[in-house]
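Trainee: Just to be clear, the model below is a prediction. Sequence and coordinates:
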Amino acid sequence: MKLSTSILFALSIAIFASGCATPRGHQKIPPSKEFRSEYLNVVSPQDDGWFQQTAAPAGVVFAKSGLAESESLVAQAVLFKLPETDNNKEFASAVIEGAKSGSPPERYEIIIFDTKLNNTRPYPCVDIHTLAIDKKALTKSGSREAMQLEIIAIYCKHPALETTGFMAGYSHRGYTRYPNITSESKQFIHGVLVPNH
């Protein structure tokens, strides 16, 4: 259980930290476009300038360049495999433990790591807010520099798939913190839903 959630969190960190916000050949998407699938429905961010980086049965990733040099925003919703858990408390503990162990200290200096049970949905979820210094962030020029990486995400147990969870998250990477991350992440995460739940 620890291994699965650790890998998922590490994967999330890698996508959020990629910095490739407007990749050549990737599709620009309109605001609030709906992406429907059998197990997860996702609405793209509500503002302009987003590109669809990835779309697959397991999830979707959107990215956008910020106003400052090498600044980027990423929004993603992905399914991930979980071992069976006996109860909601065990699920929450596994997610939090995996998140703690999923970012290597040689790459990331953790400044904020806040977790909270989320009871707004009819299935178990955990909110995780992370602020870290990415010591080797890739800039647009190709160099490696220290930059801030802030992630606001929700991890949930999928109500229709016993050994599957999903993560919806929103991140900013740049030299300074992004003042709108709280409101924009809330809008995006609110639009990631399980069909018929």
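Mentor: Received the coordinates, thanks.
Trainee: center of the chain, which residue is that?
Mentor: In the chain, the C-alpha closest to the average C-alpha coordinate belongs to G169, at a distance of 2.9 Å (C-alpha atoms, centre = their mean).
Trainee: ok, and the closest non-adjacent residue to that one?
Mentor: By the measure of C-beta to C-beta, 6 or more residues apart in numbering, the closest residue to G169 outside its immediate chain neighbours is A153, 3.1 Å from it. (Each C-beta comes from the backbone N, C-alpha and C, glycine too.)
Trainee: What's opposite that neighbour in the beta bridge?
Mentor: Beta-bridge partners for A153, by DSSP bridges, are I128, G169.
Trainee: how much space between it and V61?
Mentor: 13 Å (C-beta to C-beta, to the nearest Å).
Trainee: Comparing the two, which residue is more hemmed in?
Mentor: A153 (22 against 19; other C-beta atoms under 10 Å).
Trainee: isn't the more buried one right next to Y170, touching?
Mentor: Yes - using C-beta atoms under 8 Å, A153 is in contact with Y170, at 7.3 Å.
Trainee: what touches both of the two?
Mentor: Overlap between the contact sets of A153 and Y170, as judged by C-beta atoms under 8 Å, 6 or more residues apart in numbering, is given by I189.
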